[in-house]
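# After the sequence you'll find the predicted model.
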Amino acid sequence: MLNRWQLARQLETIRSGKMPHHIAIIMDGNGRWAKKRGLPRVAGHRQGMQAIKRCLAGLKGLDVKYLTLYAFSTENWRRPKSEVDFLMNLPGQFIGQELTTIMENNIKLGVIGDVSGLPAHTRKAIAEGIEATRHNTGLRLNFALNYGGREEILQAVRALCRRCQQGDLDPSAITYSDIESCLYTRDIPSPDLVIRTSGEIRISNFLLWQIAYAELYFTDTLWPDFSEMHLYKAIAQFQRRNRRFGGV
Ligand code: IPE
Ligand code: IPE
Ligand code: MG
């Protein structure tokens with residue numbers, strides 16, 4: 001009961017402050033969460049899905065427009081095949097289990113990353129989720145899958161070079177917005193707040209271009225333990241920061 005009261009109070013506090021328009025989360029610590037319990041790593045990934053559901057429930061009614069979740073990096077292919085296979089099943093499981101709730105909450109699904117590198121069944125599940133939620137106008141929920149910030153910038157450079165080669169673009173006239181138009185996030189504003197769980201203080205190739213002026217928030221909480229309260233605390237911390245963007 002005390003917990004619910006504390007949660008309501010924290011919610012009330014953040015409601016009166018400025019909301020981050022776009023929150024991005026590096027969902028880390030699933031493996032350690034499982035290890036602590038003597039469970040296989042994949043049990044941590046399964047439990048991590050519950051944390052995603054809690055975040056979505058927590059954001060209901062708040063003025064956050066975009067939530068981007070780092071689910072699989074271009075470097076995560078280095079993991080054992082059995083773990084990768086498990087992770088590649090999660091988008092389908094998540095969409096299958098949550099589509100009704102997603103529709104009820106007017107959530108629009110999206111994906112950033114090199115989708116062409118994902119297994120066909122994963123691509124199919126994502127495409128179906130995106131199609132089903134195409135007309136929704138509420139929270140935009142993006143999964144970063146087979147996503148790497150360097151890879152994203154590299155393919156943008158290639159695309160711009162091709163345009164220069166074709167004579168469509170003058171190299172000396174390339175602007176920030178030309179670059180941004182080649183990124184996976186071309187129709188998404190940059191994140192205001194980036195949260196990383198599990199105590200690691202690094203970015204691990206996430207949204208390298210887009211986080212230029214994001215507020216970074218690190219917590220020791222492992223992702224499967226992340227709750228609405230943790231999310232509200234991160235937002236409250238964001239609201240106490242003074243964003244200067246290089247000014248005074
Ligand atoms: C995050 O948890 C999930 C993914 C990267 C897919 P980890 O699996 O990295 O968990 P730890 O960092 O090993 O504890
Ligand atoms: C970052 O976590 C990637 C995701 C959360 C999907 P990792 O666990 O892969 O990052 P490192 O290896 O600790 O840097
Ligand atoms: Mg990790």
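Everything's here; your move. Ligands and ions are numbered 1, 2, ... in the order given.

# and the strand or helix carrying G129, anywhere near ligand 1?
Using DSSP states H and E, G129 maps to helix 120-132. No - using C-beta under 6 Å from any ligand atom, helix 120-132 never reaches ligand 1; the gap is at least 13.3 Å. Where C-beta positions appear, they are placed from N, C-alpha and C, glycine not excepted.

# Checking the residue in the chain positioned nearest to ligand 2 next. Helix, strand or coil?
Ranked by C-beta to the nearest ligand atom, the top residue of the chain for proximity to ligand 2 is S204, at 3.6 Å. For S204, the assignment made with DSSP: H, G, I helix; E, B strand; the rest coil gives coil.

# The spatially most central residue of the chain: what secondary structure?
By C-alpha atoms, centre = their mean, the mean C-alpha position of the chain lies nearest to L69, the distance being 1.9 Å. Three-state call for L69 (three-state DSSP): strand.

# just checking, what packs against the next helix or strand after the helix holding G129?
For helix 120-132, the following helix or strand on the C-terminal side (DSSP H and E) is strand 140-147. Secondary-structure packing of strand 140-147 (3 or more C-beta pairs under 8 Å, 6 or more residues apart in numbering; DSSP states H and E): strand 66-73, helix 81-104, strand 108-112, helix 120-132.

# Might you enumerate the residues of the protein proximal to ligand 2?
Near ligand 2, when you scan the chain using C-beta under 6 Å from any ligand atom, you find I26, M27, D28, Y70, A71, F72, S73, N76, E200, R202, S204.

# Can you tell me who the first one pairs with across the strands?
Beta-bridge pairing of I26 under DSSP bridges involves Y70, R196.
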